[in-house]
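everything below, folded, please.
(4 chains)
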2 protein chains.
Amino acid sequence: MIFSTKAEYGVRVMAHLAKAGGDDPISLAAIAEAEGLPVAYLEHLAARLRKAGLVQSRRGARGGYTLARDPGSITMAEVVRALEGDIAPVECITAGADGSVVCTREGEAGHEPCASKLLWTRVQGSIVRALTDTTLADLVRPATTRKRKETLTV
Amino acid sequence: MIFSTKAEYGVRVMAHLAKAGGDDPISLAAIAEAEGLPVAYLEHLAARLRKAGLVQSRRGARGGYTLARDPGSITMAEVVRALEGDIAPVECITAGADGSVVCTREGEAGHEPCASKLLWTRVQGSIVRALTDTTLADLVRPATTRKRKETLTV
DNA sequence: GCGTTATCCTACCTGTGCGGTAGGAGTTTC
DNA sequence: GAAACTCCTACCGCACAGGTAGGATAACGC
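This next block holds a predicted model:
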């Protein structure tokens, strides 16, 4: 498994919030029951999402979580990065926020960098591209045959 | 980290063998010293590569490993899969060898599948594509003389 | 004000797999 | 026959995943 359940569950939480769409906050308990996930564990994920500025919280009775921004402006790269940390295919490859990819072993003892740098660079790029190109709005807007009530979400 | 050092080291072993190119087997000790990796650990990786039919071994003095096939016909998807096991972004997504992607939670209790299936399908596809489009020959071909298909996988 | 419903925060627990070591048995060459 | 290899199984420490537990804090309804 490439991503842990942190990413899997967290994405589902975000999708759930996006589907609801409204301004009324949704409690973690409600999400947990609807998605069949342990509520105590979701608290940890929600904390990460909140610290990353992806969701807003309201405490107390009738409290809960809402999306902090428009679903169309939230990329899955942000979500996954908030939950899993930096996205790197292998240890020797790190990604700058500007998109540049560097091999941390570059020029070690006069050696050329990892012979496999080309591969990991490609993999890194394709993963980040897939995550960046997919927004939260894409997930809640299914392709066809979905004519229920959610067509009003942005 | 998305892939463990098994993939990282294993790819370097394969690249090392490809660079040598000849029919003379190369011992793990030689590879380990050249790449700065623990030889005892490489034995485990070599065993996986051999069972996957990617390398051939010769035992005894002057023994070692050689590539089992032409470097241009060995895709990194094969190598990574031999070392890491099946490539799936999250638990709920599995890949058939035919390339089809299925959500294992499809139709659970009448629910629709993971709302996030679209995302993981995209990620899965882009990773597998990047790994499949890169052959061992691509890694050992020096950057300047890279002449073959640079079709730029998106 | 008080209980209820929530988020928030810290600590803890258990299993699994990574990364690596150890030691030996079997094979081939010189 | 010794040296140089692969091959195989077992083990080991550690980090992290995937939770659980319990309380502190904050807002609401009455």
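
quick one, strands of chain A?
A:55-58, A:64-67, A:93-95, A:101-103 (DSSP state E).

wait, which of those strands is closest to DNA strand C?
Nearest to DNA strand C, of all the strands of chain A, is strand A:55-58, at 3.4 Å by CB to the nearest atom of the strand. Backbone N, C-alpha and C define where each C-beta goes, glycine included.

now tell me what touches that closest one from outside.
With contact meaning CB atoms under 8 Å, 6 or more residues apart in numbering or on different chains, strand A:55-58 is reached by A:M14, A:L17, A:P25, A:A46, A:L49, A:R50, A:G63, A:G64, A:Y65, A:T66, A:L67, A:A68.

say whether DNA strand C is contacted by that strand.
Yes. Contact between strand A:55-58 and DNA strand C, assessed by CB under 7 Å from any atom of the strand, occurs at A:S57, A:R58.

next one: that strand to chain centre, how far?
On the basis of CA atoms, centre = their mean, to the nearest Å, strand A:55-58 sits 16 Å off its chain's mean C-alpha point.

cool, and stretch A:79-95?
On CA atoms, centre = their mean, the centre of stretch A:79-95 falls 12 Å from that of its chain.

so A:V90 is in contact with B:G10, correct?
No. Counting by CB atoms under 8 Å, A:V90 stays clear of B:G10, with 10.8 Å between them.

same list (the strands of chain A) but as JSON lines, adding mean neighbour count and mean pLDDT.
Compiled in JSON lines, these are given as follows (neighbours: other CB atoms under 10 Å in any protein chain shown; pLDDT from 0 to 100):
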{"stretch": "strand A:55-58", "mean neighbour count": "17", "mean pLDDT": "98"}
{"stretch": "strand A:64-67", "mean neighbour count": "20", "mean pLDDT": "98"}
{"stretch": "strand A:93-95", "mean neighbour count": "20", "mean pLDDT": "72"}
{"stretch": "strand A:101-103", "mean neighbour count": "16", "mean pLDDT": "71"}
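
Serialize those to a markdown table and add fields for distance to B:A130.
Below are these laid out as a markdown table (distance: least, CB to CB, whole Å):
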| stretch | distance to B:A130 |
| --- | --- |
| strand A:55-58 | 31 |
| strand A:64-67 | 31 |
| strand A:93-95 | 13 |
| strand A:101-103 | 13 |
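
mind checking which of those is nearest DNA strand D?
Nearest of the strands of chain A to DNA strand D, taken as CB to the nearest atom of the strand: strand A:55-58 at 6.7 Å.

render the CA-only coordinates of the closest one in CSV, please.
The C-alpha coordinates for strand A:55-58 follow below in CSV (Å, rounded to 0.1, in the frame of the first residue of the first chain):
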residue,chain,number,x,y,z
VAL,A,55,-11.3,22.6,7.2
GLN,A,56,-12.8,25.0,9.8
SER,A,57,-14.2,23.8,13.1
ARG,A,58,-16.9,25.0,15.5
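
list the neighbouring strands of it plus their orientation.
The strands beside strand A:55-58 in its sheet (DSSP bridges) come out as strand A:64-67 (antiparallel).

the partner strand vs DNA strand C: in contact?
Yes. Remark: strand A:64-67 sits within contact range of DNA strand C at A:G64, A:Y65, by CB under 7 Å from any atom of the strand.

hmm, who's touching that strand?
Contact with strand A:64-67 is made by A:13-14, A:17-18, A:22-28, A:30-31, A:46, A:49-50, A:54-58, A:74, A:136, as judged by CB under 8 Å, 6+ apart.

restrict the residues you listed to those near DNA strand D?
A:R58.

restricted to helices, list the contacts of strand A:64-67.
Members of the contacts of strand A:64-67 lying in helices (criterion: DSSP state H): A:V13, A:M14, A:L17, A:A18, A:L28, A:A30, A:I31, A:A46, A:L49, A:R50, A:L136.
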